[in-house]
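Novice: could you look at this predicted model? Sequence included:
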Amino acid sequence: MKAYVFPGQGAQFVGMGKNLYDSNSEARALFERANEILGFRITDLMFEGTDEDLRQTRVTQPAIFLHSVILAKSLGDQFKPDMTAGHSLGEFSALVSSGALSFDDGLKLVYARAMAMQKACEAEPSTMAAILGLDDRKVEEVLSGINEIVVPANYNSPGQLVISGSVAGIEIACEKLKAAGAKRALPLKVGGAFHSPLMEPARVELAEAIYNTHFNTPICPIYQNVNASPVSDPAIIRENLVKQLTAPVRWTQTIQNMHNDGATTFIEVGPGTVLQGLVKKIAPEAEALSAQ
C-alpha cells in the first residue's frame, strides 16, 4: 500500500516549484490562481526571492502548500494514495490532495493560518528547540517539572523531539535535558512556539475560518497530527484541524500507525526530503521515495 506524505515549514528553498510552472500548463494556471487569491505574486518570491523572503511565515506556509499540492495534481492518474498524512502545515496539503478541501479553500486556510500564527508570535516572544538522543518519555518527564510554558511540539522520530514554549522555558529545558542525557539540545531559528499553548490566539482565529469552510470526504483516510489515526469523516477532520495549532505533531506515531496498517511505500510530495529521512528512522523496512 502507498502512503503519500506532505512536508511542513522548513522545507522551502528558492526556486521551489519553478520547474512545474515552466513545464506544465495546468500547474501554471494553479500558481497564477494562487497569486490572484493571495493578492500578491507569491510565485516571484518562490522562484526568484531570497532565503529571507521565504522565511517569512506569510510566504513560507502558502509556498510549501502550493509546491506540494500542485506537484500532487501534476502526477495525474499516478497519484493513487491508500492513505495520506502531512507534517503540521503539510496536513493542509494532504487534505487538498485527497479531495477533503478544494484548492481555493485550502490556500485561503493556509494563508489565514500563517497570518494568525505570525500575529501570535509577535504578541509574545517564544521559541523552539530540537532535542536529540533522548527517549520521548524522558523528555516529557523533564518538561513536566519545569515551571514555565514548555511542551513537546513535534515527535519527529525516535530520539528526535522538538519542544516549544517561552524563551525562558526553552532555555531551562535545554539545560535540564542535556543533564538528563540528551546528546544535543539545539535552539531553532523560528518565529515562535508553534504547537504549544502560546498559539491559542491563533487557534481561536483559525477555528472560525475552518468552521466556515466546506470539507468533503477524502478519497482515502488521512492520518491527522493530533491523534495519528486514520480519519475520513469531514466533521472529525475539521475538529482535529482546529486542535492542531496548540497540540503536538505526532509524526513518529503517525508513520508507525500507517506502516502497521499496511503502508509499505511512503512517497514525499513537496519540497525537500526531510520526511523521507524521518520515515527511514521510524519504519526502516518501508520504502521512502520522492514524488519529484
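Specialist: Noted; the coordinates are in hand.

Novice: now for the most centrally placed residue in the chain: which residues touch it?
Specialist: For the chain, the residue sitting closest to the mean C-alpha position, by C-alpha atoms, centre = their mean, is residue 88 at 2.4 Å. Counting by C-beta atoms under 8 Å, 6 or more residues apart in numbering, residue 88 touches 8-9, 154, 194-195, 225, 244, 249. Quick note: C-beta positions are derived from backbone N, CA and C, even for glycine.

Novice: rebuild those as CSV, extending it with secondary structure, neighbour count and pLDDT.
Specialist: Supplementary listing: those in CSV, determined by DSSP: H, G, I helix; E, B strand; the rest coil; neighbours: other C-beta atoms under 10 Å; pLDDT from 0 to 100:
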residue, secondary structure, neighbour count, pLDDT
8, coil, 27, 94
9, coil, 20, 89
154, strand, 24, 98
194, coil, 28, 95
195, coil, 23, 96
225, coil, 29, 98
244, helix, 22, 96
249, strand, 27, 98
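
Novice: and the one helix or strand residue 170 maps to, how far from the chain's centre?
Specialist: Residue 170 belongs to helix 167-179 when elements are defined using DSSP states H and E. Using C-alpha atoms, centre = their mean, to the nearest Å, we find the averaged C-alpha position of helix 167-179 to lie 24 Å away from the chain's own average C-alpha position.

Novice: quick one: contacts of that helix?
Specialist: Contacts made with helix 167-179 from outside it, assessed by C-beta under 8 Å, 6+ apart, are listed as 125-129, 131, 134, 139, 142-143, 145-146, 148-150, 163-165, 184-185, 187.

Novice: now stretch 129-137
Specialist: In this structure, residues lying in contact with stretch 129-137 by C-beta under 8 Å, 6+ apart are 139, 152, 155, 158-163, 170, 173-174, 177, 180-188, 252.

Novice: biggest helix in this protein, by residue count?
Specialist: Assignment by DSSP state H gives helix 103-123 as the longest helix of the chain.

Novice: now the host helix or strand of residue 141: buried residues?
Specialist: Here residue 141, judged by DSSP H and E, is contained in helix 136-144. The neighbour-count criterion (16 or more other C-beta atoms under 10 Å) identifies 136, 139, 142-143 as the buried residues of helix 136-144.

Novice: stretch 160-172 now?
Specialist: 160-166, 168-172.

Novice: ok, now stretch 57-67?
Specialist: Residues of stretch 57-67 classed as buried under the neighbour-count rule (16+ other C-beta under 10 Å) are 57, 59-67.
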